[in-house]
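*Asks:* Have a look; sequence and predicted model below, questions after that.
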Amino acid sequence: MSCGKECNADMYECPFCGAKQKDSAEPGACPVCMVPLQKACVRETSIYVCPTCRGMWTGADEFNFLVSERDVYADPSVSHSYEKKPLAADTPKRPYIPCPVCKQLMARKNFKHISGVLIDVCMKHGVWLDAGELSRIRDFIANVDYSEHLETSIELNKDEIGSLRRQLKHAELVQVAMHGMKLKYWLYK
């Protein structure tokens, strides 16, 4: 690590200085086609592309840059509209795929929970995007007001918390009543 102290090699960050551990391993083969990945450059960022399926592998930092509002808004090629496409009913479910670096199965996530773009994420090494997913994500960022979704989620959470608080008060009232009934039972027995 940058502080010179030793720590577990499996840790993502140094517990002493917080520096991210650099993984020098490059991705091997495409996790879908098993074809060697080729290095490419997208918006001045190094990525790895599969020549067969056109899927791409990018490190976490590179992915965060490519999907940052700063970079998306500066890109004139981003579409002026976004259409959330549902998965076709006849589309077979693809099995989870391994990380091209560590070969562990990656988690599948819906980007920003509402985009409809399913990405494969290795928490330690990076993100796998199928062909066209990066442009769909960038279109989503440029055209969907995600803060509105967050505000709606916050309001729904507040309503749910209020409902749970009322249920708890009712349960406490029932508990007090039941305790009182037991006391009367033992007094008048």
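*Replies:* Ah, there it is.
*Asks:* Every contact and neighbour count from this point should use C-alpha atoms.
*Replies:* Will do.
*Asks:* so Glu141 sits in a strand?
*Replies:* Not quite, residue 141 is Ile, not Glu. No: Ile141 is assigned helix when assessed by DSSP: H, G, I helix; E, B strand; the rest coil, not a strand.
*Asks:* Would you mind giving the secondary structure of the spatially most central residue of the chain?
*Replies:* For the chain, the residue nearest the mean C-alpha position is Lys109 (5.0 Å; CA atoms, centre = their mean). State at Lys109, reduced to three classes by three-state DSSP: strand.
*Asks:* For Pro76, see how far away it is.
*Replies:* Distance of Lys109 to Pro76, computed by CA to CA, to the nearest Å: 27 Å.
*Asks:* now do Ile119
*Replies:* The gap separating Ile119 from Pro76 is 24 Å, by CA to CA.
*Asks:* who has more neighbours, the two?
*Replies:* Neighbours of Ile119 and Pro76, each counted by other CA atoms under 10 Å, are more numerous for Ile119; the result is 18 against 8.
*Asks:* Quick check: beta-bridge partners of that one?
*Replies:* Residues in a beta bridge with Ile119, per DSSP bridges, are Lys109.
*Asks:* so who does it touch?
*Replies:* 108-111, 127-130, 133 (CA atoms under 8 Å, 6 or more residues apart in numbering).
*Asks:* tell me the domain boundaries of the protein?
*Replies:* For the chain, the structural domains run 38-144, 146-189, going by automatic domain parsing.
*Asks:* Which residue ranges of the protein form strands?
*Replies:* 38-42, 45-49, 56-59, 107-110, 118-122, 126-129 (DSSP state E).
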